[in-house]
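**Q** Sharing a model prediction with you, sequence too.
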Amino acid sequence: MGTKRGLVKPSAGYGVVRMAEESKRLASRWKQGRPLPPSQRSSLRWRLLDVGFLQLAAHDPRRPLALLRNVMHTVPLVQSLRFIDEELPSRQLAAVFWSALPAVLGNP
């Protein structure tokens with residue numbers, strides 16, 4: 001269900017919350033006899049961030065761990081989790097970017 005409907009975040013393999021929410025939504029529609037909607041996709045912003053993260057990992061597998069370490073030490077846990085779940089508002093992305101920047105630009 002997760003990968004088939006585009007609910008798994010490629011950079012993290014994370015999709016539990018999305019799959020549970022989508023399952024409830026689809027079950028409700030099915031129970032009401034309504035047609036099931038097409039698969040959903042993340043916004044372009046989140047897809048680009050995922051692609052960048054995966055390219056970083058392909059270039060140097062140590063960098064994603066350094067990036068994660070920097071973010072988790074700098075950004076409050078709630079914001080980090082909202083970022084992973086793609087629910088972090090744009091205005092709060094700056095803190096994540098600034099904490100990740102050394103791992104992206106420098107050596108891990």
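**A** Great, that's in hand. Residues are numbered from 1 along each chain as shown.

**Q** roughly how far apart are Val16 and Ala103?
**A** For Val16, the distance to Ala103 equals 26 Å [CB to CB, to the nearest Å]. For glycine as for every other residue, the C-beta is placed from the backbone atoms N, C-alpha and C.

**Q** Among those two, which residue is more densely surrounded?
**A** Neighbours per residue, other CB atoms under 10 Å: of Val16 and Ala103, the larger number sits with Ala103, 21 against 12.

**Q** Need phi/psi at the residue located most distally from the centre of the chain.
**A** In terms of distance from the mean C-alpha position of the chain, Gly33 ranks first, at 31.8 Å (CA atoms, centre = their mean). Phi and psi for Gly33, reported as degrees, to the nearest 10, are phi 80, psi 20.

**Q** go on, Pro89?
**A** With angles defined as degrees, to the nearest 10, Pro89 sits at phi -60, psi 150.

**Q** Could you list the domains of this structure?
**A** Per automatic domain parsing, the structural domains of the chain span 1-41, 42-108.

**Q** rank those by pLDDT, which is bottom?
**A** Among these, domain 1-41 has the lowest mean pLDDT, at a mean of 76.

**Q** ranges for the strands of the protein?
**A** Under the criterion DSSP state E, the chain contains no strands.
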